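Student: Got a predicted structure plus its sequence, pasted below:
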Amino acid sequence: MKANKAIRVVGCMLILVNLAILTKYILFKRPADTIHVLKNVEKYPRPSFKHGQRENWVLFASIHKIYYSRMDDMYKFMNIGGNILGFVPLGFLLPLVFFRRGRLVLTVGTIFLISFLFESVQRYTGLGVFDVDDLLLNTVGGLLGYIFYLLMPPFQRRKENAVMAIG
């Protein structure tokens, strides 16, 4: 029982660390620009979205643009792969700490909402670009994390049974 509680506490701390890292890389990519925008937020009108400059609502448009761009491969990986990898820990930790096994829809839905929150903050603050492709990639990352979680239970069940036998 104590081992379960310790796992939950450590898991909660890791979720908070992951969210802090995501916040840094999603919202505060360029610290100097971020501070300037936040200090002068009332001077900046919300970005004009009429021409799609600050948002993408076309699924796969950004992925296609980045993948087929002349950018170096490291940039492509950091952009596309980073959106996936950043949310893998949440896909693993959320069911471990809160939802338990068999809660695929709840886990993936929560990750989608967290991603949507980040994208919305970017859209309304001007700290980034709202992109449906990011929502997709982030959610895929969370789904991969959930798959890793599903691969873990046989070990976890043995550990819980051992703790109960001792206690």
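Tutor: Arrived safely. On a predicted model such as this, the values are computed, not experimentally measured, just so you know. Numbers count the residues shown, from 1 in each chain.
Student: residue boundaries of the strands in this protein?
Tutor: In the chain, the strands defined using DSSP state E lie at 55-56, 130-131.
Student: correct me, but W57 touches V132?
Tutor: Yes. Here W57 reaches V132: they are 5.8 Å apart, a contact under C-beta atoms under 8 Å. In short, each C-beta sits where N, CA and C put it, glycine included.
Student: just the helices in this structure please.
Tutor: 2-27, 31-39, 61-67, 73-76, 82-85, 88-94, 104-125, 132-151, 153-166 (DSSP state H).
Student: Could you pull up the residues touching F112?
Tutor: 135, 138-139, 142 (C-beta atoms under 8 Å, 6 or more residues apart in numbering).
Student: For the helices of the chain, please prepare TSV with the additional fields mean pLDDT.
Tutor: Listed next are these as TSV, based on pLDDT from 0 to 100:
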stretch	mean pLDDT
helix 2-27	93
helix 31-39	55
helix 61-67	93
helix 73-76	91
helix 82-85	97
helix 88-94	96
helix 104-125	96
helix 132-151	96
helix 153-166	50
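Student: Kindly compare burial across the ones you listed and name the winner.
Tutor: helix 88-94 (a mean of 23; mean count of other C-beta atoms under 10 Å).
Student: Please look at L137 and I80 and confirm they touch.
Tutor: Yes. L137 is within contact range of I80, at 6.5 Å (criterion: C-beta under 8 Å).
Student: Next, show the common contact partners of those two.
Tutor: With C-beta under 8 Å, 6+ apart, L137 and I80 have common neighbours I63.
Student: before we move on, back to that, out of the strands of the chain, which is the most enclosed?
Tutor: strand 130-131 (a mean of 22).
Student: Closest to L27 out of the contacts of F112?
Tutor: N138 (13.6 Å; C-beta to C-beta).
Student: gap between the closest residue to the closest one other than its chain neighbours and M152?
Tutor: Spatially, and ignoring its direct neighbours in sequence, N138 is nearest to S115 (3.8 Å; C-beta to C-beta, 6 or more residues apart in numbering). Per C-beta to C-beta, to the nearest Å, S115 is found 23 Å from M152.
Student: And for K76?
Tutor: K76 is 31 Å from M152, by C-beta to C-beta.
Student: Next: L94.
Tutor: Look at L94 and M152: by C-beta to C-beta, they are 13 Å apart.
Student: again with R30
Tutor: Using C-beta to C-beta, R30 is found at 37 Å from M152.
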